[in-house]
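# Pasting a predicted model and its sequence here:
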Amino acid sequence: MRTFVLFLALTFVLGCDDSSNSNNTNNVNNVNNTNNVNNVNNTNNINNVNNVNNVNNVNNTNNANFDEGDLAACTGDIHYQMWLHEAPTALLVFVNGRAEYTDKYHHLIPMFARTWDILMIDHYGQGRSAGPRAHANDFDTDHVCDLKFAIESLVREEMPVIVIGHSMGGFISTRLAQLHPEVIDVLVASSPMYGIATDPYTLDQAKQLAAMKVSQGLGEIHFQADDGVPTPFEDNILTHDQDLYEQFYTDPLTEIGEPTWGWLNAAFTGFDRLNAAPGDVVVPFLLMVAGDEQMVLPQAQDDFCAAMNALDEGACVRAAFEGDYHELFNELDRQDVVDTALAFIDAALQ
């Protein structure tokens, strides 16, 4: 597995999830004491979709036709997959995280039981897309630009655009909402990467080191060699669903190595931009957080939500899934996660 230990000790873990907790209470409220929302507890069976280009099990969901291809986007060729409804009322864009690609989330397609087109892309340097693996130069001009281009290129008509972003995809989606609010109608961020740990270094020291490496021409060098040893399910901190974890934890398309120095530098720069403009998220926004988050900084998520609500009370609605690991949409209680997201989206679109 990919355990991200920055400068020997930055503990942002990147890979798949862990063991045993399946009964979770999901509290939905905004950060300044709003109402609780009870959700249906339902565990979902997962079909194996870990074959490259194997989409037969989700190909006809909701009367949808499947489309797949490449877009000449901002960073180069970006791979996309799309499920086209015969009479769509909205476009749902699911934006995955670091070291992931579209196939990892095929199991969600039948769970989004709405009359929506559904779009997924592989990020720059990931999956079937072009670019050096695990790299970023600038998230705004790379990943955010690619996402905007994909949405504007593939939305079929005038309709609401819903974006659900997970982890790094949650950060990218939030930046899209800040920079281009006209593109998004509803935003859901799941375990978003709004900060990463830098212990035992200070954040300033970590920023300086990454910037120095980039200035030395080492931006595309991985900050640390990947040991190539997959993390067993028992040791993972991404999901309690063993079947789903083991479908992808040795998938060659997820084994992209540790982040580059350029990725780290771009991430630190991106976090500063994100936190400088909490009021620029003006669309309905749901923040979904994992109760047992060990991958990204949960305090950074809560701080951003609080900053939004300090400017506009109720602008950030927060839902916590107690006991869950980082990958909420891959957890044992993912039906609750999906139901929570859908309830928020449905209300926002009314």
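Cool, got the structure. Residues are numbered from 1 along each chain as shown.
# can you give me the helices in the stretch 51-200 of the chain?
For the stretch 51-200 of the chain, the helices defined by DSSP state H, counting those that start in this stretch occupy 145-154, 168-179.
# quick one, which of the ones you listed is packed in tightest?
Neighbour counts (mean count of other Cβ atoms under 10 Å) averaged over each of these peak at helix 168-179, with a mean of 25. From N, CA and C alone the C-beta is placed, and that goes for glycine too.
# Residue 313: how many residues sit nearby?
Per other Cβ atoms under 10 Å, the neighbour tally for residue 313 reads 12.
# And the pLDDT for it?
According to the prediction, residue 313 has pLDDT 98.
# My reading is that it lies in a helix. Confirm?
No - using DSSP: H, G, I helix; E, B strand; the rest coil, the assignment for residue 313 is coil, not a helix.
# how far is stretch 241-256 from where the chain is centred?
Remark: stretch 241-256 is offset 16 Å from the chain centroid, using Cα atoms, centre = their mean, to the nearest Å.
# Next: stretch 88-104.
Averaging C-alpha positions (Cα atoms, centre = their mean) puts stretch 88-104 8 Å from its chain's average.
# Would you tell me which of the helices of the stretch 51-200 of the chain gets closest to residue 126?
Judged by Cβ to Cβ, the one of the helices of the stretch 51-200 of the chain that comes nearest to residue 126 is helix 168-179, at 9.4 Å.
# Spatially central residue for the chain, please.
Per Cα atoms, centre = their mean, the C-alpha nearest to the average position across the chain is that of residue 166, at 1.8 Å.
# Let me know the pLDDT of it.
On pLDDT, residue 166 comes in at 98.
# That one contacts residue 334, correct?
No - counting by Cβ atoms under 8 Å, residue 166 does not reach residue 334; the two are 11.6 Å apart.
# Any stretches of the stretch 251-350 of the chain with poor pLDDT?
The stretch 251-350 of the chain contains no residues with pLDDT under 70.
# Could you pull out the strands in it for me?
For the stretch 251-350 of the chain, the strands defined by DSSP state E, counting those that start in this stretch occupy 285-290, 316-321.
# Next: the stretch 51-200 of the chain.
Ranges of strands within the stretch 51-200 of the chain are 64-72, 77-85, 90-95, 116-121, 161-166, 186-190, based on DSSP E, counting those that start in this stretch.
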